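Student: this one's structure only:
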């Protein structure tokens, strides 16, 4: 856990360094700040609010609602995030960490979107540098390769890899921890020690992740970010709904939660493949479906064990 924390710190520093270097060079290459702002403003790349009530196009309401649900899942159920809470001294320290994360994430996210607008302005001034049919995800690497000196290009590429590694290393550690503690040691699977098992699982997840990245790179995807959000909405929504049922209701049962999760996955698969709903709304659809269906199914087969100390409403029962 300590290794994950410190590698994440170093990776974030490299990532931010590459971000600011790329942003500065893109603005300068577009003709300066005034020229970049003019192009971005003319092409409506600086709009802060998108009105409308469409369920298919990107509107402000759908982005805010979708982002809330997409972030709610990982911050409540993802082992890669929860393990950070558990590494703090106490509950107050964990709360401060979450608050600080929110305060820092807003300006950093703004800088990433600013880089996208700066790149748009840059290539508007240098259209010959673009290749016809390029994917959105190829624009930044192309800019780095063509416009940056070798040393700076290496820094920015390191920043891109750091952004990936900061998510992958904690996720691999989380999977290894969950497998070792919840399956290997509890069920007595194999004779290897927990440390050896954790290392083996981490290596296996690294291989699987590399293979998945190669497949996604070879696939004809318009945007990896859109694909990631779609997959996240499909998989994390049942977990978020299960969390709400387990913590904020006293009637949720394992049967009901399981039914709710399966129905949510099936409905999201239908919405993704058969409708034109905006992908930002997948999390809201899946989470709400899991909660409603899971609660109704739990009424049909209520829990058999006491919930004292396990829910928000009975959290004081155990202490009493």
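Tutor: Alright, I've got the coordinates. All values derive from a computational prediction rather than experimental measurement.

Student: What residues of stretch 53-73 count as buried?
Tutor: 59, 62, 65-66, 69-73 (16 or more other C-beta atoms under 10 Å). Every residue, glycine included, has its C-beta placed from N, CA and C.

Student: I figured residue 293 was touching residue 263, is that so?
Tutor: Yes: using C-beta atoms under 8 Å, residue 293 is in contact with residue 263, at 4.5 Å.

Student: What is the nearest of the buried residues of stretch 53-73 to residue 277?
Tutor: residue 62 (9.1 Å; C-beta to C-beta).

Student: and the host helix or strand of that closest one, average pLDDT?
Tutor: Secondary structure assignment for residue 62, by DSSP states H and E: helix 60-77. For helix 60-77, the mean per-residue pLDDT is 82.

Student: again, but for stretch 186-199
Tutor: Averaged across stretch 186-199, the pLDDT comes to 78.

Student: Stretch 107-119 too?
Tutor: So the average pLDDT for stretch 107-119 ends up being 89.

Student: How far off centre is that stretch?
Tutor: The chain centroid and the centroid of stretch 107-119 are separated by 18 Å, computed with C-alpha atoms, centre = their mean, to the nearest Å.

Student: What residues sit buried inside that stretch?
Tutor: Quick answer for stretch 107-119 (16+ other C-beta under 10 Å): 114-119.

Student: Check stretch 26-41 too.
Tutor: Across stretch 26-41, burial judged by 16+ other C-beta under 10 Å covers 26-27, 29-30, 35-37, 39-40.

Student: next one: stretch 143-156
Tutor: Those would be 143-144, 147-148, 152-153, 155-156, for stretch 143-156 by 16+ other C-beta under 10 Å.

Student: Just confirm residue 189 contacts residue 183, I think it does.
Tutor: Yes: using C-beta under 8 Å, residue 189 is in contact with residue 183, at 6.1 Å.

Student: ok, now how distant is residue 184 from residue 176?
Tutor: The spacing between residue 184 and residue 176, counted by C-beta to C-beta, to the nearest Å, is 10 Å.

Student: list residues touching both of those two?
Tutor: Common contact partners of residue 184 and residue 176 (C-beta atoms under 8 Å, 6 or more residues apart in numbering): residue 197.

Student: circling back: cross the buried residues of stretch 143-156 against helices and list the overlap.
Tutor: 143-144, 147, 152-153, 155-156 (DSSP state H).

Student: ok, so of those, who is nearest residue 5?
Tutor: Closest to residue 5, out of all of those and judged by C-beta to C-beta, is residue 155, at 22.8 Å.

Student: How about the contacts made by the closest one?
Tutor: 14, 17-18, 21.

Student: With residue 49 instead?
Tutor: residue 60.

Student: Assign it to helix, strand or coil.
Tutor: Following DSSP: H, G, I helix; E, B strand; the rest coil, we place residue 49 in the coil state.

Student: on that earlier part again, relative to residue 86, which of the buried residues of stretch 107-119 is nearest.
Tutor: residue 115 (33.8 Å).

Student: so residue 302, which of the three states?
Tutor: coil.

Student: which regions of the stretch 151-300 of the chain lie under the pLDDT threshold?
Tutor: 163, 166, 190 (pLDDT under 70).

Student: and if you look at the stretch 1-150 of the chain?
Tutor: By pLDDT under 70, the stretch 1-150 of the chain contains no weakly predicted segment.

Student: quick one: residue 133 and residue 146, what's the gap?
Tutor: 17 Å.

Student: Over to residue 251?
Tutor: Taking C-beta to C-beta, one finds residue 251 at 60 Å from residue 146.

Student: Residue 38 too?
Tutor: For residue 38 relative to residue 146 (C-beta to C-beta), the value is 23 Å.

Student: And for residue 108?
Tutor: 26 Å.

Student: what do you get for residue 184?
Tutor: Counting by C-beta to C-beta, the separation of residue 184 from residue 146 is 49 Å.

Student: likewise residue 312?
Tutor: Look at residue 312 and residue 146: by C-beta to C-beta, they are 54 Å apart.

Student: what do you get for residue 238?
Tutor: Residue 238 is 43 Å from residue 146, by C-beta to C-beta.

Student: picking that back up, toward the C-terminus, what is the element adjacent to the helix holding residue 62?
Tutor: Next along from helix 60-77, by DSSP H and E: helix 79-86.

Student: For residue 6, grab the count of nearby residues.
Tutor: 10 (other C-beta atoms under 10 Å).

Student: and it, which of the three is it?
Tutor: helix.

Student: biggest helix in the protein by residues?
Tutor: The chain, longest helix under DSSP H: helix 91-125.

Student: now the angle between helix 60-77 and it, please.
Tutor: 140 degrees (axes from the mean of the first three to the mean of the last three C-alpha atoms, to 10 degrees).

Student: chain center to helix 91-125, what's the gap?
Tutor: 14 Å.

Student: and the angle from it to helix 79-86?
Tutor: Using the same axes, to 10 degrees: helix 91-125 against helix 79-86 is 130 degrees.
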